[in-house]
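J.: let me see the structure of the following:
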Amino acid sequence: MSDIQTITKLRKMTGAGMVDCKKALDEAGDDMDKAVEILRKKGETKAAKKADREAKEGVVAVSENDTTLSLVALACETDFVAKNEDFINSVKSYADKQLEMGDEESFKSFADEDVKKELVVRIGENIQVFSAKVIDKTGKTVGSYVHSNKKVAAVVVLAGGEVELAKEISMHVAAMQPEYLKPEDVPADVIAKEKEIYKEQLIAENKPADMLDKIIEGKLNKFYEEVCLVKQLFIKDDKKSIEQLLSEANAQIESYSLVKI
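T.: Here you go, the predicted structure:
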């Protein structure tokens with residue numbers, strides 16, 4: 001029968017419960033390596049059962065070097081786990097790993113399996129890779145921002161400008177969560193629906209028929225200011241739009257990414 005010191009050692013190594021550790025050691029004849037293997041194999045079964053449970057909390061982490069930026073988000077079931085230092089550090093280690101691998105698809109294949117075998121066993125919740133992005137920084141200006149709650153992160157890629165500007169706009173993206181980069185990106189059916197709604201509202205308000213198009217155009221511009229990044233007012237200076245901010249810096253946004261758990 002396994003002694004308490006051996007059980008405790010296995011628990012520290014794996015994060016599994018004391019009872020599970022004792023059972024694994026008994027089954028392994030106190031062979032520590034074999035006991036770890038047993039726990040990992042059982043973890044696969046546990047992971048399959050837990051996979052049906054909703055993972056609505058989570059943590060986002062960013063890692064980068066001179067040429068590449070890696071963003072990884074892992075979803076978990078509870079806020080308790082999301083705030084756990086071990087889980088937060090684990091997500092950061094996955095971001096580091098993706099940075100090292102340099103490829104999203106390879107990383108996802110690795111992480112899906114590793115999370116199931118390692119994190120689910122140790123933490124005991126349904127944990128999923130929520131998002132994984134690799135961004136090439138070569139010849140570009142890239143900035144990122146992770147909100148203090150670690151549930152929202154943004155990355156902005158600029159042509160021109162300084163990294164600090166990209167970081168500032170990333171903070172804006174995390175706060176305002178735009179749906180599109182610019183008006184041209186808004187789907188035609190979305191615009192048509194907005195116009196239809198505005199027209200019905202104006203008719204109900206008995207607005208003059210010859211004024212409808214002009215009023216609708218104004219409302220549509222206001223809509224763009226709400227949903228398009230370049231048209232939004234900058235959160236740190238509402239006298240300027242993001243478009244104006246970029247113009248002053250002789251920069252353009254090539255792309256942006258927003259991850260929210």
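J.: can we go C-alpha only for contacts and neighbour counts from here?
T.: Will do.
J.: helices of the stretch 151-261 of the chain, start to end?
T.: Shown for the stretch 151-261 of the chain, the helices assigned by DSSP state H, counting those that start in this stretch span residues 163-176, 188-204, 212-227, 242-248.
J.: ok, which of those helices comes nearest residue 39?
T.: Smallest distance to residue 39 across the helices of the stretch 151-261 of the chain (Cα to Cα): 39.3 Å, for helix 163-176.
J.: starting at the chain centroid, how far to the closest one?
T.: How far helix 163-176 lies from its chain's middle: 15 Å, per Cα atoms, centre = their mean, to the nearest Å.
J.: quick one on the thing from earlier: most tightly packed of the helices of the stretch 151-261 of the chain?
T.: Each of the helices of the stretch 151-261 of the chain was scored by mean neighbour count; the highest is helix 163-176, a mean of 21, by mean count of other Cα atoms under 10 Å.
J.: quick one: that helix to helix 212-227, angle?
T.: Angular relation of helix 163-176 and helix 212-227 on a 0 to 180 degree scale: 110 degrees, by axes from the mean of the first three to the mean of the last three Cα atoms, to 10 degrees.
J.: which neighbouring elements make contact with helix 163-176?
T.: With contacts defined as 3 or more Cα pairs under 8 Å, 6 or more residues apart in numbering; DSSP states H and E, the packing partners of helix 163-176 are strand 141-146, strand 152-159, strand 252-260.
J.: just put those in TSV and tack on mean neighbour count.
T.: Below are those laid out as TSV (neighbours: other Cα atoms under 10 Å):
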stretch	mean neighbour count
strand 141-146	24
strand 152-159	24
strand 252-260	18
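J.: quick revisit: of all the helices of the stretch 151-261 of the chain, which one is nearest residue 119?
T.: helix 163-176 (27.4 Å).
J.: quick one: that closest one to strand 252-260, angle?
T.: Going by the same axes, to 10 degrees, helix 163-176 makes 40 degrees with strand 252-260.
J.: could you list the residues in contact with helix 163-176?
T.: By Cα atoms under 8 Å, 6 or more residues apart in numbering, the surrounding residues in contact with helix 163-176 are 141-147, 152-158, 229, 234-235, 242, 256, 258.
J.: what's the mean pLDDT across that helix?
T.: For helix 163-176, the mean per-residue pLDDT is 97.
J.: now swap in stretch 237-246 and tell me
T.: Across stretch 237-246, the average pLDDT comes to 96.
J.: contacts for that stretch?
T.: Counting by Cα under 8 Å, 6+ apart, residues outside stretch 237-246 touching it are 161, 169, 229, 230, 231, 232, 233, 234, 252, 253.
J.: which of the residues you listed tops the neighbour count?
T.: Comparing the contacts of stretch 237-246 on neighbour count, residue 169 comes out first with 30 neighbours (neighbours: other Cα atoms under 10 Å).
J.: residue 229 versus that one, what's the distance?
T.: 9 Å (Cα to Cα, to the nearest Å).
J.: what's the separation between the closest residue to residue 57 other than its chain neighbours and residue 145?
T.: If the residues on either side of it in the chain are set aside, residue 57 comes closest to residue 76, at 5.1 Å by Cα to Cα, 6 or more residues apart in numbering. Distance from residue 76 to residue 145, counting by Cα to Cα: 21 Å.
J.: same thing with residue 103?
T.: Using Cα to Cα, one obtains 21 Å as the distance from residue 103 to residue 145.
J.: quick one on the thing from earlier: dump the contacts of stretch 237-246 to TSV, plus distance to residue 219.
T.: Formatted as TSV, those follow (distance: Cα to Cα, whole Å):
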residue	distance to residue 219
161	32
169	25
229	17
230	17
231	14
232	14
233	16
234	20
252	26
253	25
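J.: return the member of the residues you listed nearest to residue 134.
T.: Nearest to residue 134 among those is residue 253, at 17.4 Å by Cα to Cα.
J.: show me the contacts for that closest one.
T.: 156, 157, 158, 159, 246.
J.: wait, the third one sits on residue 250?
T.: Right, the one you point to is residue 158. No - counting by Cα atoms under 8 Å, residue 250 is not a contact partner of residue 158; they are 10.2 Å apart.
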